[in-house]
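Peer 1: Give me a model of this one.
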Amino acid sequence: MLDEHHRIGNNLLAVLPDAELARMAPHLVLVDMPLGQVVYESGDRLDHVYFPTTCIVSLLYVMEDGASAEIAIVGNEGMIGISIFMGGETTPSRAIVQSAGQAYQLDPRVLKDEFRRAGPVQRVLLRYTQALITQMAQTAVCNRHHSIDQHLCRWLLLSLDRLSSNELKMTQELIANMLGVRRPGVSEAAMKLQEAGLIRYSYGHIEVLDRRGLEKRVCECYSVVKREFDRLLPDIKAL
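Peer 2: Okay, here's the model as predicted:
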C-alpha cells in the first residue's frame, strides 16, 4: 500500500491531487523488480500496471527471429502498461527490468476506473503517453542516424535521470540487446568512453564519472526527449 514516505517515489503518482491519490492508494502494492525480470511479453494481456520507483524497465520490440531493440525506457518518471487505458489491452513490445529496484503494482481495473472519470488521472496519463511516444520516435531516429557511441551516451543519461546514483549494473549482452547492436560494438563504445574518463566499466557494472562529459558527447536525441518530459509533466500538482 502506498504511504506518505514513498509518495514521491514515482512522478506520475506525485502529481496527482490528494483525492485521486487517496482512491488509488489502497490498491498500490510495492513489489521488488529484479534485474532481467520480464514484466510482460509481446502480445500478453496485462494483469497489472506498474509505477516504478527505483527500478528501470526497458521496452523492446522483438523480431520474429528473436532479435530485439529498445524503443523506450521507463523509470520513476512514468508507468508500464499504457495499453490498458489506450484501449489495446495488449502490446507488441516486451518489457524487461534493466535496473533492479521496486515499483508500485496496480490492478488495471482500478486505473481504468480512474481514467474514465476524465479528471486529473486521465490528463496526467495522456501527457505521459505523449512524452513516451516522443521518446520512442526519437529512439528510432537515433538508431538510424547516430553512432553506437552516441546511442550509449543517450542510454546512460536517460538511465541516470531515472536513478538516484551514478552506477548501473548491466552486462554488455543486455546493453547490446537493448541497443540492437552486436556485443563487440558495445564493448568498443564503452572502452572509448572509459578512455575519455567519462565512465568506469567492468563486467556487469558501469559507473559514470563525468556526466557533463557525456552530455557534451551525446547526440541531440537526449535533450529532445528530456525537454518533452519536462514540458508535459512539470511541477507537482500543476496539472
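
Peer 1: which other helices and strands contact the longest helix along the chain?
Peer 2: The longest helix of the chain (DSSP state H) is helix 120-145. Other helices and strands packing on helix 120-145, by 3 or more CB pairs under 8 Å, 6 or more residues apart in numbering; DSSP states H and E, are helix 11-14, helix 18-24, strand 68-74, helix 83-86, helix 108-116, helix 148-160, helix 221-232. Just so you know, the C-beta spots here come from the backbone N, C-alpha and C atoms, and that holds for glycine as well.

Peer 1: Using the record's assignment, carve the protein into domains.
Peer 2: What the record gives for the chain is the domain set 4-113, 147-218, from automatic domain parsing.

Peer 1: For residue 167, which of the helices and strands packed on helix 120-145 is the nearest?
Peer 2: helix 148-160 (9.4 Å; CB to CB).

Peer 1: What is the least confident helix or strand in this structure?
Peer 2: helix 172-179 (a mean of 69; mean pLDDT, DSSP states H and E).

Peer 1: What's the first helix or strand after it?
Peer 2: Note on helix 172-179: by DSSP states H and E, the next helix or strand toward the C-terminus is helix 183-195.

Peer 1: got the CA positions of the helix or strand following that following helix in PDB?
Peer 2: Next helix or strand after helix 183-195 toward the C-terminus (DSSP H and E): strand 199-202. Taking C-alpha atoms only, strand 199-202 is exported to PDB below (Å, rounded to 0.1, in the frame of the first residue of the first chain):
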ATOM      1  CA  ILE A 199      32.800   6.100 -17.200                       C
ATOM      2  CA  ARG A 200      34.500   3.300 -15.400                       C
ATOM      3  CA  TYR A 201      33.400  -0.100 -16.900                       C
ATOM      4  CA  SER A 202      33.800  -3.600 -15.600                       C
END
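
Peer 1: now the protein, which segments are flagged as low pLDDT?
Peer 2: Filtered on pLDDT under 70, the chain yields the residue ranges 1-8, 171-172, 177-181, 204, 234-239.
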